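# Model the following, please.
(chains A and B)
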Protein chains: 2
Amino acid sequence: MTENVKESKAVPEPTLRRLPTYVHYLTHRVKKTRQFISTSEIAKALKLDPTQVRKDLAVTGITGTPRVGYCVAELVEAIGNFLGWNNLTDAFLVGVGNLGTALLGYQRLKQYGVKIVAAFDTREKVVGTEIHGVSVMHVDKMANLAKRMGIHIGIITVPAQAAAEVADKMVRAGICAIWNFTPTSLELPESVIVQNMDLYASLAVLSRKLHERLK
Amino acid sequence: MTENVKESKAVPEPTLRRLPTYVHYLTHRVKKTRQFISTSEIAKALKLDPTQVRKDLAVTGITGTPRVGYCVAELVEAIGNFLGWNNLTDAFLVGVGNLGTALLGYQRLKQYGVKIVAAFDTREKVVGTEIHGVSVMHVDKMANLAKRMGIHIGIITVPAQAAAEVADKMVRAGICAIWNFTPTSLELPESVIVQNMDLYASLAVLSRKLHERLK
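Next comes the predicted model:
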């Protein structure tokens, strides 16, 4: 049912960002016994506009039935298929500090389609160890291994000043999608997908809004 | 120079999100000896539109001088003032798992205006310990302490299913800004500022784009 829609392109990023929220809501907050759910109910629970919800869910190829709504199980599966959660994608992580270590322990990443298969660092005290079941190797081994294993996703959790160099190494090793947890704005070829997970950008929004509130 | 602008309201969120990127660029990638920098140079380095850069920076009250540009030091300071980085705001963190522990170790949060002064959890093995210099207490003590200390910011790093309850407790204790690291969409009064830092939303964008690329 979702096959034909996989050909469509350029789904808006806000829609992509909301899709996991729908799954989370449908999986954890809707009763397991419920078979169907309406757009308006989803919209109300998540404080979204019903038209937006309908548009978002349509990208997966699932359309609700008038007066009946969506089949909950079908919807969850369609979103997962659409986001590629059912084909685990192997990823490398570079930088096993606090945040890197936390990500290695995030079992849930697997549910969301990404499996970190190896981690890299330069510090003697972590190279050669295993963290949350993932081997930590010296970063010099990263490029060769990435090529050999055909790795597509690179996760960067190094200190900001090291991010650019790591990203360049990743791209030269054939990695084409980078999840960047540093505040460094990476200068990479257009063809590389970069998703920034910038704590400080998020914190800036929070701080400023609070600042305005408390004035 | 920035005083009068503090009165202005509703700066667009994308602008707020970009402000730390400017500071990072000016601090780490522009030579320390440089006194001035032009809009177009900043725009080029960060792959942004020059008009956008000018608008973004104008919210801080700093305007560049034609043919000279911005004074680098003045600009960094103005952005910091605007985002409230110079008045540390005390925060509580609830949920000392992998991610919570990582955040407690993030010294840089202080540079960005937030200081985590206490952490909370329910698990015996962490309650009563100290992690990265921050005491971990039982979550039952959170509300009273937050009221007594006048805490405004709450950081939620608990498992998703516990997020709603923790958020409610925080709000009842007077916390008015929540940094939510769980995929749970929180239902809170309009007056509460919620900033979601959703790993899975970010990952969904990355996965889907990669999926489209590899097709």
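
# near chain B at all, the worst-scoring helix or strand of chain A on mean pLDDT?
Sorted by mean pLDDT, DSSP states H and E, the helices and strands of chain A end with helix A:108-111, the least confident at a mean of 82. Yes: applying C-beta under 8 Å from any C-beta of the partner chain, one finds helix A:108-111 in contact with chain B at A:108-109. For glycine as for every other residue, the C-beta is placed from the backbone atoms N, C-alpha and C.

# which element follows that helix toward the C-terminus?
strand A:114-121 (DSSP states H and E).

# how about that following strand: buried residues?
A:114, A:116-121 (16 or more other C-beta atoms under 10 Å in any protein chain shown).

# if we can go back for a sec, which residues does the least confident helix or strand of chain A contact?
Residues from elsewhere that reach helix A:108-111, judged by C-beta atoms under 8 Å, 6 or more residues apart in numbering or on different chains: A:85, A:88, A:103, A:115-116, B:199-200, B:203.

# Let's see that with 7 Å instead.
Outside helix A:108-111, the residues that touch it by C-beta atoms under 7 Å, 6 or more residues apart in numbering or on different chains are A:85, A:88, A:116.

# Can you lay out those residues as CSV showing pLDDT and distance to residue B:179?
Below are the contacts of helix A:108-111 laid out as CSV (pLDDT from 0 to 100; distance: C-beta to C-beta, whole Å):
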residue, pLDDT, distance to residue B:179
A:85, 81, 26
A:88, 76, 30
A:116, 95, 24
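
# These into TSV, with extra columns for distance to residue A:68?
Shown next, in TSV, are the contacts of helix A:108-111 (distance: C-beta to C-beta, whole Å):
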residue	distance to residue A:68
A:85	26
A:88	33
A:116	41
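
# Please go through the residues you listed and note which also touch chain B.
The subset of the contacts of helix A:108-111 within reach of chain B, by C-beta under 7 Å from any C-beta of the partner chain, is empty.

# From these, pick the one nearest chain B.
Here the nearest of the contacts of helix A:108-111 to chain B, counting by C-beta to the nearest C-beta, is residue A:85; it sits at 7.4 Å.

# what pairs with the closest residue to residue A:141 other than its chain neighbours across the strands?
The shortest distance from residue A:141 to any non-neighbouring residue, by C-beta to C-beta, 6 or more residues apart in numbering or on different chains, is to residue A:120 (7.1 Å). With DSSP bridges as the criterion, residue A:120 is bridged to residue A:94, residue A:137.

# pretty sure residue A:120 contacts residue A:137?
Yes: using C-beta atoms under 7 Å, residue A:120 is in contact with residue A:137, at 5.5 Å.

# mind checking how far the residue nearest the centre of chain A is from chain B?
The centre of chain A sits closest to residue A:112, judged by C-alpha atoms, centre = their mean, with a distance of 7.1 Å. Noted for residue A:112: a distance of 5 Å to chain B, by C-beta to the nearest C-beta, to the nearest Å.

# Run through the residues that contact that residue.
Listed by C-beta under 7 Å, 6+ apart, the contact partners of residue A:112 are A:20, A:85, B:200, B:203.

# same question, residue A:117
Residue A:117 neighbours (C-beta under 7 Å, 6+ apart): A:90-91.

# can stretch A:197-215 be found next to chain B?
Yes: judged by C-beta under 7 Å from any C-beta, stretch A:197-215 comes into contact with chain B at A:197, A:199-213.

# Could I get the full set of helices for chain A?
Secondary structure of chain A by DSSP state H: the helices cover A:13-28, A:39-45, A:50-58, A:72-82, A:98-104, A:108-111, A:142-149, A:163-172, A:199-214.

# and residue A:69, how many neighbours does it have?
The local packing of residue A:69 (other C-beta atoms under 10 Å in any protein chain shown) involves 18 other residues.

# so what's it scoring on pLDDT?
Looking at residue A:69, its pLDDT stands at 91.

# what does the model give the nearest residue to it once chain neighbours are set aside for pLDDT?
Excluding the flanking residues, the one nearest residue A:69 by C-beta to C-beta, 6+ apart is residue A:38, at 3.9 Å. On pLDDT, residue A:38 comes in at 94.

# I figured residue A:38 was touching residue A:68, is that so?
No: contact criterion C-beta under 7 Å: residue A:38 and residue A:68 do not qualify, at 8.1 Å.

# what about chain A, any weak spots by pLDDT?
Confidence mapping of chain A against pLDDT under 70 gives the ranges A:1-9.

# List phi and psi for the closest residue to residue A:211 other than its chain neighbours.
The spatially closest residue to residue A:211, leaving aside those adjacent along the chain, is residue B:84, at 4.3 Å (C-beta to C-beta, 6+ apart). Main-chain dihedrals, residue B:84, degrees, to the nearest 10: phi 80, psi 20.

# how much space between residue B:84 and residue A:101?
30 Å (C-beta to C-beta, to the nearest Å).
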